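Enquirer: missing the sequence, but the structure's below:
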Ligand SMILES: Cc1cc2nc3c(=O)[nH]c(=O)nc-3n(C[C@H](O)[C@H](O)[C@H](O)COP(=O)(O)O)c2cc1C
């Protein structure tokens, strides 16, 4: 009933662990057994320490973070994911140019079912949302050479242009959205809260924005879409699927609901499908687009 296929990858349900949340170690990723797929932390060519603390701050309706793409580098990370027991592992990668993206994708490819290219981190300059739109196509083409389906993760900025470039490069799916560039100021210290000053906002506050982005992508392009941003309940997941997402990712929701969020959303979605007489989640994908 909840099983779905994206770019030839079969998932037992459309819920995926979003990149960057409890996905640095094998044990942590294996603990998400109720997720249809698990996306790794974004991994680059070499080790990155990331930004100084504070890197994360809780706001009333979500989280503000600027971790700075901290990761051990691809050689160390592939030792971590070797032999991992998860149903579907997606490898998230980032790079400063097409060659670096291609290198990391090649090293990661034999351990994962698909590659997710992070081109949308809102506080990492060219390693994120400032990756030039005119270079996206070449980078996707390079990653495709690793022989795995390629998902391209984009943010809300210039989304249609960037999605078009990714599709021209051969992307198999678009993932949207990343966190949204934002900040908070400590009025006692009279300075920004995060050490990096600017970070990315995630969680329930961004759900209407993510939803709108998915709806617009689905209205404009014929490519599988994976929706992400602010999902904390099964109703949120159904909304994204009605807007055109074939699958959804959950990150900050885990901070509020715990790892059990996957189990809860699976049973809520199943209950809703039965109540509404649907045999498959497939029948719900994009139904709001037709109204
Ligand atoms: C602490 C933290 C770290 C993140 N790290 C990454 C990352 O390494 N790569 C990436 O593509 N997205 C990263 N994200 C973004 C999430 O994958 C997701 O796109 C975003 O948080 C919106 O979804 P959510 O509201 O469910 O968290 C991170 C988000 C958070 C909160």
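Expert: Alright, I've got the coordinates. For clarity, every value in this text was computed on a predicted model and none was experimentally measured. Numbering: from 1, shown residues only.

Enquirer: hey, where'd the strands end up in the stretch 1-150 of the chain?
Expert: 4-6, 9-11, 15-17, 37-39, 56-59, 62-65, 89-93, 114-118, 150-154 (DSSP state E, counting those that start in this stretch).

Enquirer: closest to residue 169 out of the ones you listed?
Expert: The minimum distance between residue 169 and those falls on strand 150-154, with 7.9 Å, by C-beta to C-beta. For the C-beta atoms, the positions are set from N, CA and C on the backbone; glycine is no exception.

Enquirer: Buried residues, that closest one. List them.
Expert: Within strand 150-154, the residues that qualify as buried by neighbour count (16 or more other C-beta atoms under 10 Å) are 150, 151, 152, 153, 154.

Enquirer: Also stretch 193-208?
Expert: Buried residues in stretch 193-208 (16+ other C-beta under 10 Å): 193, 194, 196, 199, 200, 201, 202, 203, 204, 205, 206, 207.

Enquirer: quick one: which of these sit in helices?
Expert: Per DSSP state H, helices hold the following members of those: residue 207.

Enquirer: Which two among the buried residues of stretch 193-208 are spaced furthest apart?
Expert: 196 and 207 (24.3 Å).

Enquirer: re the thing from before, export the strands of the stretch 1-150 of the chain to JSON lines and append columns for mean pLDDT and distance to the ligand.
Expert: Below are the strands of the stretch 1-150 of the chain laid out as JSON lines (pLDDT from 0 to 100; distance: least, C-beta to the nearest ligand atom, whole Å):
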{"stretch": "strand 4-6", "mean pLDDT": "98", "distance to the ligand": "17"}
{"stretch": "strand 9-11", "mean pLDDT": "98", "distance to the ligand": "17"}
{"stretch": "strand 15-17", "mean pLDDT": "98", "distance to the ligand": "9"}
{"stretch": "strand 37-39", "mean pLDDT": "98", "distance to the ligand": "7"}
{"stretch": "strand 56-59", "mean pLDDT": "96", "distance to the ligand": "6"}
{"stretch": "strand 62-65", "mean pLDDT": "97", "distance to the ligand": "4"}
{"stretch": "strand 89-93", "mean pLDDT": "98", "distance to the ligand": "5"}
{"stretch": "strand 114-118", "mean pLDDT": "98", "distance to the ligand": "4"}
{"stretch": "strand 150-154", "mean pLDDT": "98", "distance to the ligand": "5"}
